[in-house]
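S.K.: Dropping the sequence and predicted coords here.
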Amino acid sequence: MGGTKKLNLTEQAREILRIAEQHGVEQNFFFITTFKRYQVQLSILNNLEKTIQEDGVLVTKEYVKGRKNVYSHPAISDYNRTTDSANKTVGT
């Protein structure tokens, strides 16, 4: 990426809308709903990623009589499912 400036998500969204306007699709119902859905998915992914970073990838669950089990953070599977959905949205 050389000397190009890295855009944040808001700046990237503005750029996508600018390109959409150039192609006359910024008012298209399917573009609007799909783009909005993708933005929501990115927000969810961002929140899940923060949760995983803060909590770690392993969590402990305590069972009856104080027994503990360690397993992968449930947010990981949510993150993976949301990533798959976001990729499909991009394909749309």
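M.R.: It's in.
S.K.: Just give the nearest non-adjacent residue to residue 35, would you?
M.R.: Nearest residue to residue 35, sequence neighbours excluded (CB to CB, 6 or more residues apart in numbering): residue 16, at 6.9 Å. C-beta here means a position set from N, CA and C on the backbone, and glycine is covered the same way.
S.K.: Now do the same for the one you found: its pLDDT.
M.R.: What the model reports for residue 16 is a pLDDT of 85.
S.K.: Would you mind finding the longest helix in this protein?
M.R.: The single longest helix within the chain, with elements called by DSSP state H, is helix 29-55.
S.K.: That one: what's the following helix or strand?
M.R.: Beyond helix 29-55 on the C-terminal side, the first helix or strand identified by DSSP states H and E is strand 58-62.
S.K.: So for the longest helix of the chain, what gets flagged as buried?
M.R.: Applying a neighbour-count criterion of 16 or more other CB atoms under 10 Å, one finds 31, 35, 38-39, 41-42, 44-45, 48, 52 buried in helix 29-55.
S.K.: need those in JSON lines with distance to residue 74, can you?
M.R.: Shown next, in JSON lines, are these (distance: CB to CB, whole Å):
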{"residue": "31", "distance to residue 74": "33"}
{"residue": "35", "distance to residue 74": "29"}
{"residue": "38", "distance to residue 74": "24"}
{"residue": "39", "distance to residue 74": "24"}
{"residue": "41", "distance to residue 74": "18"}
{"residue": "42", "distance to residue 74": "20"}
{"residue": "44", "distance to residue 74": "14"}
{"residue": "45", "distance to residue 74": "15"}
{"residue": "48", "distance to residue 74": "10"}
{"residue": "52", "distance to residue 74": "10"}
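S.K.: neighbours around the residue nearest to residue 35, how many?
M.R.: Using other CB atoms under 10 Å, the number of residues around residue 16 comes to 15.
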